[in-house]
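> let me see the structure of the following:
(one chain, ligands or ions: 1)
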Amino acid sequence: MTVARPVDIPITDVSAESFVIPTDAPESDGTIAWSSTTMVAVTVAAGGTSGFGYSYCDASAAALCREVLAKVLCGQDCLAIEAAWDRMNRAVRNIGRPGIAACAISAVDIALWDLKAKLLDLPLAALLGPARKEVAVYGSGGFTSYDDSRLAEQLGGWAAQGCRWVKMKVGRDPDSDLARAETAAAAIGDTQLMVDANGAYARKQSLEFAEVYSQLGVCWFEEPVSSDDLAGLRLLRDRGPAGMVIAAGEYGYTPYYFRTMLEAGAVDVLQADATRCGGVTGFLRAAAIADAFQIPLSSHCAPAIHLAPALAAPRLLHMEWFHDHVRIEHMLLEGAPSLSHGLIAPDLSVTGHGLSLRAADAERFAA
Ligand SMILES: [Mg+2]
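Here you go, the predicted structure:
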């Protein structure tokens, strides 16, 4: 038996840039509307190669990567990701860790994991130790800005591609929500319908809507009330219809957020977003916390980046195949996964996570 010699491969550079990509149509949900999405892309160099990571955030996260995180990482061992994670989190203590700083850290952490897998000549999915070979995704879009025909066409399209679930937005105009949900349900056949109110409803209003949606076969009610209202989520969880899951967690930036949400008994399924909660490291933390509470996990947005950690996460229920991010990842990234019979699977012939920015395609969106 050979004993591995200690390895220390210093980080030589951390760079970051941002891209603003217009949506293909106006998009809105229960609480906000948007016409573009910003991707913050990070490259970390060490050992003669580089790793790539990103977050969907504000361009200020790119500046934070360059001006704060690079300073505490350059010269440090790129393989010691836990140490790097700790250094980054300490560096943003007085800036405020949740929010922009956590997104910046997430993008860098993802780049570090990509880099590590490349240096070890392994696909990231293999390095993380997968629990499964593929992941089921649910089609996600159904924006409140869509008319009925676009809503039916998009959700019906995912159903035809084999998705077992599809998700639509509700809550912007409660008077039209039932009719929109009926339109969606009619377009998807046996596929199960999920709704996301993005915190738009009041407590008792959402309880009433839960009953109404349940009659249409809706199986998932996401952020019926604000995810800051843990008691409100708990009310829905305890008093909502049998068979309807209450889900939240997309605004979790730290492990403590997820612990607090689960200690409150607020959700049936925890959501976590690796581009916000600390990258691959933070996502696996969230997965471990969910496992400890015996609660299933679902990844939020950014499907390309979630694939490898989702393969390794215990109790993973499904991943979100979010229209906006799927479109951007296929526009700008080499190696973005494609949907097949409602599933996505990694390309195990490439090292790292297999994703790289196509600079020529991204350049015109540079912020
Ligand atoms: Mg949501």
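> okay, CA-based contacts and neighbour counts for the rest of this
Will do.
> quick check: residue 60 touching residue 101?
No. In this structure residue 60 lies outside contact range of residue 101 using CA atoms under 8 Å: 9.1 Å.
> so for the two, which sits in the more crowded spot?
Ranked by neighbour count (other CA atoms under 10 Å), residue 60 and residue 101 place residue 101 first, with 27 against 14.
> contacts only, for that one.
61, 64, 92, 95 (CA atoms under 8 Å, 6 or more residues apart in numbering).
> inside helices: which ones of the residues you listed?
In this view, the contacts of residue 101 that belong to helices under DSSP state H are 61, 64.
> any idea which of the contacts of residue 101 has the most stuff around it?
residue 61 (27 neighbours).
> tally of neighbours for the residue lying closest to it once chain neighbours are set aside?
Using CA to CA, 6 or more residues apart in numbering and skipping the chain neighbours, the partner closest in space to residue 61 is residue 104 (5.1 Å). By the measure other CA under 10 Å, the count of residues near residue 104 is 37.
> now residue 104: how far from residue 215?
42 Å (CA to CA, to the nearest Å).
> check residue 139 too.
21 Å.
> of those two, which one has the most company?
Comparing residue 139 with residue 215 by other CA under 10 Å, the one with more neighbours is residue 139, at 29 against 10.
> can I assume that one is in contact with residue 151?
No. The criterion here is CA under 8 Å, and residue 139 misses it with residue 151 at 11.9 Å.
> which neighbours do those two have in common?
Counting by CA under 8 Å, 6+ apart, nothing touches both residue 139 and residue 151.
> would you mark the buried spots in the helix or strand in which residue 154 is found?
With elements taken from DSSP states H and E, the one containing residue 154 is helix 148-160. Using 16 or more other CA atoms under 10 Å as the test for burial, helix 148-160 gives 148, 151, 152, 154, 155, 156, 157, 158, 159, 160.
> spit out the contact partners of the first one.
Think residue 148. 180, 183 are the contacts of residue 148 under CA under 8 Å, 6+ apart.
> got any ranges where the protein has weak pLDDT?
1-6 (pLDDT under 70).
> quick one, longest helix in it?
helix 102-119.
> contacts for the helix or strand following that one, please.
Scanning forward in sequence from helix 102-119 by DSSP H and E, the next helix or strand is helix 124-128. By CA under 8 Å, 6+ apart, the residues outside helix 124-128 that reach it are 113-114, 117-118, 307-309, 311-312, 346, 348, 351-353.
> measure residue 364 to residue 40 for me?
15 Å.
> what ranges do the strands span in this protein?
11-28, 33-46, 49-56, 135-140, 165-169, 192-196, 220-222, 245-248, 269-272, 297-299, 316-322, 333-334, 343-344, 356-357 (DSSP state E).
> in CSV, list the ones you listed along with distance to residue 210.
Converted to CSV, the strands of the chain look like this (distance: least, CA to CA, whole Å):
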stretch, distance to residue 210
strand 11-28, 21
strand 33-46, 24
strand 49-56, 30
strand 135-140, 19
strand 165-169, 14
strand 192-196, 10
strand 220-222, 7
strand 245-248, 10
strand 269-272, 16
strand 297-299, 20
strand 316-322, 21
strand 333-334, 38
strand 343-344, 28
strand 356-357, 41
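> if we can go back for a sec, which of the contacts of helix 124-128 fall in helices?
Using DSSP H, the contacts of helix 124-128 in helices are 113, 114, 117, 118, 307, 308, 309, 311, 312.
> same list (those) but as CSV, adding distance to residue 180.
Output for these, formatted as CSV (distance: CA to CA, whole Å):
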residue, distance to residue 180
113, 41
114, 41
117, 45
118, 46
307, 31
308, 34
309, 34
311, 34
312, 36
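> residue 342: which of these is nearest?
Nearest to residue 342 out of the ones in helices among the contacts of helix 124-128 is residue 307 (CA to CA; 13.6 Å).
> how about that closest one, what does it touch?
By CA under 8 Å, 6+ apart, the contact set of residue 307 is 125, 135, 344, 345, 346.
> return the distance of the third one relative to residue 305.
When you say that, I think you mean residue 344. Applying CA to CA to residue 344 and residue 305 gives a distance of 12 Å.
> who has more neighbours out of these two?
Taking neighbours as other CA under 10 Å, residue 344 and residue 305 compare with residue 305 leading, 25 against 20.
> list the contacts of residue 239.
By CA under 8 Å, 6+ apart, the neighbours of residue 239 are residue 207.
> how far away is it from residue 231?
Applying CA to CA to residue 239 and residue 231 gives a distance of 12 Å.
> before we move on, what about residue 362?
43 Å.
> and if you look at residue 23?
Distance from residue 23 to residue 231, by CA to CA: 35 Å.
> so what's the residue count around residue 12?
18.
> surely it touches residue 74?
Yes. The pair residue 12 and residue 74 passes the contact test of CA under 8 Å, sitting 5.4 Å apart.
> re the thing from before, more neighbours: residue 364 and residue 40, which one.
residue 40 (28 against 11).
> contacts only, for the spatially closest residue to that one that is not a sequence neighbour.
In this structure, residue 40 finds its nearest non-sequential neighbour in residue 18, 4.4 Å apart by CA to CA, 6+ apart. Contacts for residue 18 (CA under 8 Å, 6+ apart) come out as 38, 39, 40, 41, 59, 62, 366, 367.
> measure residue 18 to residue 334 for me?
17 Å.
> before we move on, the earlier item: with distance to residue 338 added, can I get the contacts of residue 18 in a markdown table?
Shown next, in a markdown table, are those (distance: CA to CA, whole Å):
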| residue | distance to residue 338 |
| --- | --- |
| 38 | 22 |
| 39 | 20 |
| 40 | 22 |
| 41 | 21 |
| 59 | 28 |
| 62 | 28 |
| 366 | 25 |
| 367 | 27 |
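> nothing else from me, thank you.
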